[in-house]
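Engineer: Next come a sequence and a model predicted from it.
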Amino acid sequence: MLDDVANPHDKFFKESFSQLEVAQEFLRYYLPADVTALFDLNDLTLLKDSFVDEQLQEHFSDLLYQVTLQTGDDAYVYVLFEHKSYPEQRVALQVLRYMVKIWDYTSRQNGRLFPIFPVVLYHGTPAWHSHANFQNLLPIPEPLKPYVPEFRYWLCNLAEYADSDFQGAAMLQVSLLMLKYIFRDELAERLPEIARLLRAIYAGQSGLAYVEATLRYLIHAAGGRLDEQVVQTTIKETFAEGGEMMGTLAQQWLERGKQEGIQQGIQQGIQQGKQVGVQQGLVIKAREDVFTVLGLRFGALPVDVVQALNRIDDVSCLTYLHKEAVLIPTLEEFAAHLPEPEPA
């Protein structure tokens with residue numbers, strides 16, 4: 001659970017776009033019309049495998065859909081969601097890497113290669129300047145261009161859409177509004193509209209699960225920028241019209257999200273404390289290594305050298321001094337490399 005809280009954007013994206021209705025309508029309304037026309041969206045399947053490199057999972061999430069073409073053949077739609085607040089400059093390189101992984105995966109499954117339509121979904125606030133065409137990432141002399149991959153991804157930049165441009169059923173509109181405003185101060189202004197759409201969704205088990213996921217995302221990802229009382233009042237007033245049970249459930253979900261957020265903060269504090277402890281341990285070990293070499297080579301050390309070494313808490317500096325202690329001819333020359341004490 002804490003991993004989900006620590007990466008709420010990833011969790012909310014996957015919970016939303018794993019819904020078949022949301023995926024179908026996203027592909028219908030937010031891809032180029034001539035591309036969408038090729039697809040039989042009634043025959044859309046979500047493939048569960050992720051192709052994002054492990055070290056990049058805090059920045060990217062992805063979903064792969066298999067879709068039947070109107071010709072009866074198959075194709076894939078790959079959606080790479082960049083959920084950090086600023087754009088990566090070499091997204092086309094990431095997309096190419098994952099497309100190759102997908103071709104490798106699907107060829108092992110089917111013995112064939114199928115076309116992939118790559119989509120990048122971006123919801124950060126800084127303007128997007130990354131080149132969508134891969135060849136624009138590098139200088140290529142004209143004779144070499146035929147030998148360098150040339151492709152582009154389709155960018156869905158939510159900042160470029162007015163709220164009135166969002167199409168599709170309420171669940172898709174809520175997903176896009178939440179992702180668009182989660183990093184923005186205007187989220188509080190949009191909250192009543194989001195709550196109104198959520199109230200229209202909650203009928204049925206899948207609707208309840210989605211409303212819960214959205215409210216918990218709201219608390220996990222934007223709680224620090226929203227007035228808690230405003231959130232509580234908005235949700236209470238909106239969902240009261242859906243009946244006492246719905247209003248009670250909504251309040252419970254908000255409270256659960258708040259408690260998970262508090263627990264996340266505690267866990268992060270513990271982790272940071274562990275990291276500080278590890279760093280201090282590395283400093284102590286590196287300093288002891290310097291003292292050991294100096295003691296073996298030069299015997300008892302002057303007080304000013306001991307004090308200077310004890311003031312250093314940078315591992316890289318102590319590592320450098322350790323090498324100097326091994327190689328330098330005299331203690332006096334070694335002392336000349338020590339940093340001067342800061343003035344009082």
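Structural biologist: Perfect, thanks for sending it. These numbers come from a predicted model, not from an experiment.
Engineer: CA atoms for contacts and neighbours, from now on please.
Structural biologist: Will do.
Engineer: Strands of the chain, start to end?
Structural biologist: 39-47, 60-69, 74-82, 116-122, 154-157 (DSSP state E).
Engineer: Give the buried residues for the shortest one.
Structural biologist: By neighbour count with 16 or more other C-alpha atoms under 10 Å, strand 154-157 contains the buried residues W154, L155, C156, N157.
Engineer: same check, this time on stretch 139-152
Structural biologist: R152.
Engineer: Convert that stretch to CSV, retaining C-alpha atoms only.
Structural biologist: What follows is stretch 139-152, C-alpha atoms only, in CSV (Å, rounded to 0.1, in the frame of the first residue of the first chain):
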residue,chain,number,x,y,z
PRO,A,139,22.7,15.9,-35.8
ILE,A,140,22.6,13.6,-38.9
PRO,A,141,24.4,14.3,-42.1
GLU,A,142,22.0,13.8,-45.0
PRO,A,143,23.7,10.6,-46.4
LEU,A,144,23.3,9.0,-42.9
LYS,A,145,19.6,9.7,-42.5
PRO,A,146,18.4,6.5,-44.2
TYR,A,147,20.4,4.5,-41.6
VAL,A,148,19.0,6.2,-38.5
PRO,A,149,15.5,5.2,-37.2
GLU,A,150,12.9,7.8,-38.1
PHE,A,151,9.6,7.8,-36.3
ARG,A,152,7.5,10.1,-34.1
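Engineer: So the protein: which segments form each domain?
Structural biologist: For the chain, automatic domain parsing gives the domain ranges 2-242, 279-336.
Engineer: quick one: low-confidence parts of the stretch 201-344 of the chain?
Structural biologist: 202-206, 223-224, 241-278, 341-344 (pLDDT under 70).
Engineer: picking that back up, tell me which of the domains of the chain sits most buried.
Structural biologist: Comparing the domains of the chain by mean neighbour count (mean count of other C-alpha atoms under 10 Å), domain 2-242 ranks first with a mean of 17.
Engineer: How far does it sit from its chain's centre?
Structural biologist: The chain centroid and the centroid of domain 2-242 are separated by 12 Å under C-alpha atoms, centre = their mean, to the nearest Å.
Engineer: List the contacts of the residue nearest to K101 when sequence neighbours are not counted.
Structural biologist: Spatial nearest neighbour of K101, chain neighbours left out: F51 (6.7 Å); criterion: C-alpha to C-alpha, 6 or more residues apart in numbering. Contact analysis of F51 by C-alpha atoms under 8 Å, 6 or more residues apart in numbering lists D62, Y98, K101, I102.
Engineer: what's the most distant pair in those residues?
Structural biologist: D62 and K101 (12.7 Å; C-alpha to C-alpha).
Engineer: What ranges does the stretch 1-150 of the chain have for its helices?
Structural biologist: Assigned by DSSP state H, counting those that start in this stretch, the helices in the stretch 1-150 of the chain fall at 2-6, 8-17, 20-30, 33-36, 91-110.
Engineer: For T68, which of those is the nearest?
Structural biologist: helix 33-36 (11.2 Å).
Engineer: pull the CA atoms of that closest one into PDB?
Structural biologist: Output of helix 33-36 as PDB, limited to C-alpha atoms (Å, rounded to 0.1, in the frame of the first residue of the first chain):
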ATOM      1  CA  ALA A  33      -8.800  10.700 -36.500                       C
ATOM      2  CA  ASP A  34      -7.200   8.900 -39.500                       C
ATOM      3  CA  VAL A  35      -5.400   6.600 -37.000                       C
ATOM      4  CA  THR A  36      -8.500   5.900 -34.900                       C
END
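Engineer: where along the stretch 151-300 of the chain do the helices fall?
Structural biologist: So, for the stretch 151-300 of the chain - with DSSP H, counting those that start in this stretch - the helices run 170-181, 187-201, 205-222, 228-240, 244-298.
Engineer: The first one versus strand 116-122: what angle between them?
Structural biologist: Here helix 170-181 runs at an angle of 60 degrees relative to strand 116-122 (axes from the mean of the first three to the mean of the last three C-alpha atoms, to 10 degrees).
Engineer: Counting by contacts, list what helix 170-181 packs against.
Structural biologist: helix 8-17, helix 20-30, helix 187-201 (3 or more C-alpha pairs under 8 Å, 6 or more residues apart in numbering; DSSP states H and E).
Engineer: what sits up against it?
Structural biologist: Contacts for helix 170-181 (C-alpha under 8 Å, 6+ apart): 13, 16, 22, 25-26, 123-124, 158-159, 163, 166-167, 187, 194, 197-198, 200-201, 218.
Engineer: Show the average pLDDT along it.
Structural biologist: Taken as a whole, helix 170-181 has an average pLDDT of 94.
Engineer: just the angle between it and helix 8-17, please?
Structural biologist: 160 degrees.
Engineer: Give me the residue at the spatial middle of the chain.
Structural biologist: H59 (2.9 Å; C-alpha atoms, centre = their mean).
Engineer: how near is that one to N7?
Structural biologist: 9 Å (C-alpha to C-alpha, to the nearest Å).
Engineer: swap in E333?
Structural biologist: 51 Å.
Engineer: wait, what's in contact with L158?
Structural biologist: L121, Y122, H123, L176, L179, K180.
Engineer: What is the nearest of these to A213?
Structural biologist: L179 (13.0 Å).
Engineer: that older thread, would you format the helices and strands packed on helix 170-181 as CSV with distance to S316 included?
Structural biologist: Formatted as CSV, the helices and strands packed on helix 170-181 follow (distance: least, C-alpha to C-alpha, whole Å):
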stretch, distance to S316
helix 8-17, 35
helix 20-30, 49
helix 187-201, 44
